[in-house]
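# need a structure here:
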Amino acid sequence: MTTITVIPDNNALLQGRYAFLFNGIDSDGAMAFAGSLNADGAGNITGGVEDINRTTFTTAAAPLSLTGTYVVGTNGKGQMTLTNSQGNSTFRFLINPSGTSASFIEYDDFSGTGTRGAGLLQGQDATAFSLAKSSGDFVMSLFGDLPGVGRTGALGRFSFDSTGNVSGAVLDISALGASSPNLPWTGSFATPDSTSGRGTVKLNANIPAPMLGAITLGFAYYIIAADKLLLIGTDARSSTVPLLSGQVHGQNLGSGFTTASLNGNIIFRTDASSGQLPSTTAAGQIAFSNGNLTGILDQNDAATLTLNSPFTGTYTVSQNGRTTMTFQLDPQNILSKVAYMEDVNAGFILDASGNVVDSGSFQPQAAGAFSPASIIGTYEEICGAPGAADFQNCIGFITLDGSGNWNLTLDTNDTIQFARTKVRNGTYAVASNGRGTMAFATGEQVVFWIVSPNEFISVFTVTPGDNGPDLLDSLKP
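Here you go, the predicted model:
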C-alpha cells in the first residue's frame with residue numbers, strides 16, 4: 001500500500017456550496033450517489049445532503065445528511081472524507097484554479113472489494129434554486145444498470161415551466177438486447193430546497209417490452225446553475241426499475257435544429273460504464289455535411305481493438321435536436337447511434353442498437369492542422385467511471401513538452417494493486433487531423449484525439465489481463 005500525504009496549503013480554494021455526482025462499482029455491482037455539500041474554506045464539510053443508490057441500499061424516502069473534512073494542496077490536488085449514517089468514504093480530487101469545479105475518485109479500497117468510481121463536483125449558483133429560475137429547455141444523458149439485464153442508457157430532451165410541468169419530452173432508452181426510440185414521456189419537477197438546490201422529479205413513460213413497460217421512475221435532482229442539473233434515480237432497483245443517473249444540460253433550442261446544425265468536425269467519446277460486462281470505450285472524429293458524414297473510429301471493445309478505422313454514413317436532425325446517425329465501417333458492420341443536441345455541433349450520443357449500450361458526448365474540434373506542439377504544458381488527467389469491475393479509476397497530471405515527450409503522475413484505484421500512485425513517462429506523436437498515439441516506457445499504448453489545445457481524449461488499447469482506465473480526459477487546469 002502506498003501512502004500519499006497531501007499538504008494542506010490551499011484549503012480556501014474549496015469554499016461554498018457544491019453539487020456532486022459519482023458513478024462506480026461496489027462488490028454488488030453498479031452504484032451511484034449525488035448530493036450537495038458546503039465547504040467552509042478551512043478544511044471542513046459543515047453540512048450537506050446525499051442520495052445513494054446501491055443494490056443493497058437506496059435513500060428512497062429522503063437523502064442522508066453528511067459532514068466531512070478535506071485538505072487541498074498547492075497544485076489543486078486534495079483529499080476529502082465524507083461521513084453519513086452509512087459510514088465514512090475517502091476521495092482524492094483535483095480542483096480547478098478558480099475553485100468552481102473538481103473531479104474526484106474514491107480512494108479507500110485496499111482489499112479489492114470496496115467501491116471504485118469517479119465523479120464531478122461543481123459549484124452551485126444559489127440564485128438558481130427555484131423552478132422559475134431553472135426552467136427552460138434541456139437535454140439529458142443517463143446511464144446505469146437494470147438487474148438481470150445489465151447496462152442501460154437513456155437520452156432525451158424536455159422543457160419545464162415555472163410551475164414544474166414538463167412538456168415536449170421524448171426519450172431513447174437502450175439496454176442489452178433491446179432499444180426503444182423516440183418515446184414520449186410526462187413528468188413534473190417539485191420545488192427545490194432553497195439551501196441544497198435539491199428537488200424531486202417523476203418520469204412517466206410506456207417503454208415497450210422486453211424493456212420496462214408502463215412505469216413511473218423517481219429521481220432527485222440537484223441544481224448547479226439555471227442551465228445545468230444532476231439527476232439520480234431514487235427507486236430501489238428491480239427487474240423493471242433501473243438505476244439511472246447523469247447530467248442535464250440546457251438546450252439552445254431557439255427556432256429549432258436542422259441538418260445544418262451539424263457541420264464541420266466534431267470529436268466524440270463514448271463508454272459503457274455499468275460494470276456488469278467487459279467494457280467498451282471509443283473516441284473519434286466525425287465530419288458532417290448536408291446529411292452525410294465521414295469519420296474515424298478508435299474503439300476498445302473488451303480488448304477487441306478497432307483502430308484508426310474510417311467510416312461513412314448518414315444523419316438526420318429533427319427540430320427538437322434529436323438526431324440519428326449510421327456509421328458504416330464495412331458492409332457487414334453498421335453502427336446505429338442516436339444523439340440529442342444541446343447546441344450546434346454539441347450534445348449527447350447513445351448506441352441505438354441495444355448491442356453495446358455505450359453513451360457519451362460530442363463537441364466541436366478546433367481548427368487544425370495539428371502537431372505535437374498543439375498540446376503542450378500540464379493537463380489534469382481524469383478517468384471515467386470504471387466500465388468493468390477490474391478496471392481502474394484515476395486522477396492526476398500529465399505534462400507534455402510539445403516535442404513528443406511526456407510524464408505522468410496518477411492516483412489510481414483498482415482490484416489488483418488497490419489505491420496507489422503511478423509515475424509513468426513516454427513519447428507521443430500527432431497526425432494533422434488531431435489523432436495521436438502515446439507510448440508508455442512500460443509498453444502500454446494509447447490513442448488520443450485532440451479537441452483543442454486545452455483538451456484531448458484518450459482510449460487505452462489494453463490487452464486481455466490488463467486493467468488500465470477506460471477513457472481518459474485530459475484538460476488544461
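# ok, the residue nearest to Thr412 when sequence neighbours are not counted to Tyr221 distance?
Excluding the flanking residues, the one nearest Thr412 by CB to CB, 6 or more residues apart in numbering is Cys394, at 4.2 Å. Where C-beta positions appear, they are placed from N, C-alpha and C, glycine not excepted. In this view, Cys394 and Tyr221 are 28 Å apart by CB to CB, to the nearest Å.
# what does Asn263 give?
Noted for Asn263: a distance of 33 Å to Tyr221, by CB to CB.
# the more surrounded of the two?
Taking other CB atoms under 10 Å, Asn263 and Tyr221 do not tie; Tyr221 has more neighbours (21 against 14).
# so what's Ala282 up against?
Residues in contact with Ala282 (CB atoms under 8 Å, 6 or more residues apart in numbering) are 268-271, 297-300, 358, 360, 459.
# run a quick neighbour tally on the residue nearest to Thr412.
Other residues close to Cys394 by other CB under 10 Å number 24.
# likewise for Ser98?
Ser98 has 9 nearby residues by other CB under 10 Å.
# ok, the helix or strand containing the residue nearest to Thr412: who's next to it in the sheet?
Taking DSSP states H and E as the definition, Cys394 sits inside strand 393-400. Applying DSSP bridges, strand 393-400 is found paired with strand 377-383 (antiparallel), strand 405-413 (antiparallel).
# can you list the buried residues in that strand?
Buried positions in strand 393-400, judged by neighbour count with 16 or more other CB atoms under 10 Å: 393-398, 400.
# using PDB, list the CA coordinates for that strand.
C-alpha atoms of strand 393-400 as PDB (Å, rounded to 0.1, in the frame of the first residue of the first chain):
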ATOM      1  CA  ASN A 393     -10.300   4.900 -11.900                       C
ATOM      2  CA  CYS A 394      -7.800   7.700 -11.700                       C
ATOM      3  CA  ILE A 395      -6.900  11.300 -11.400                       C
ATOM      4  CA  GLY A 396      -3.600  13.000 -11.900                       C
ATOM      5  CA  PHE A 397      -1.400  15.200 -14.100                       C
ATOM      6  CA  ILE A 398       0.300  14.800 -17.400                       C
ATOM      7  CA  THR A 399       3.000  17.200 -18.700                       C
ATOM      8  CA  LEU A 400       3.800  17.300 -22.500                       C
END
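# which strands and helices sit next to the helix or strand where Gly119 lies?
Using DSSP H and E, the element containing Gly119 is strand 116-123. In terms of contacts (3 or more CB pairs under 8 Å, 6 or more residues apart in numbering; DSSP states H and E), strand 116-123 is packed against strand 15-26, strand 87-95, strand 101-106, strand 393-400.
# pull the helix or strand following that strand out as PDB, backbone CA atoms only.
Next helix or strand after strand 116-123 toward the C-terminus (DSSP H and E): helix 131-134. Only the C-alpha atoms of helix 131-134 are listed here, as PDB (Å, rounded to 0.1, in the frame of the first residue of the first chain):
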ATOM      1  CA  LEU A 131     -38.400  26.500 -10.600                       C
ATOM      2  CA  ALA A 132     -38.800  29.900 -12.100                       C
ATOM      3  CA  LYS A 133     -35.000  30.500 -12.400                       C
ATOM      4  CA  SER A 134     -34.100  27.000 -13.600                       C
END
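# so after helix 131-134, what's the next helix or strand?
Using DSSP H and E, the first helix or strand after helix 131-134 is strand 136-146.
# on the three-state scheme, the spatially closest residue to Ala132 that is not a sequence neighbour is what?
The shortest distance from Ala132 to any non-neighbouring residue, by CB to CB, 6+ apart, is to Ser162 (4.2 Å). Recorded secondary structure, Ser162: coil (DSSP: H, G, I helix; E, B strand; the rest coil).
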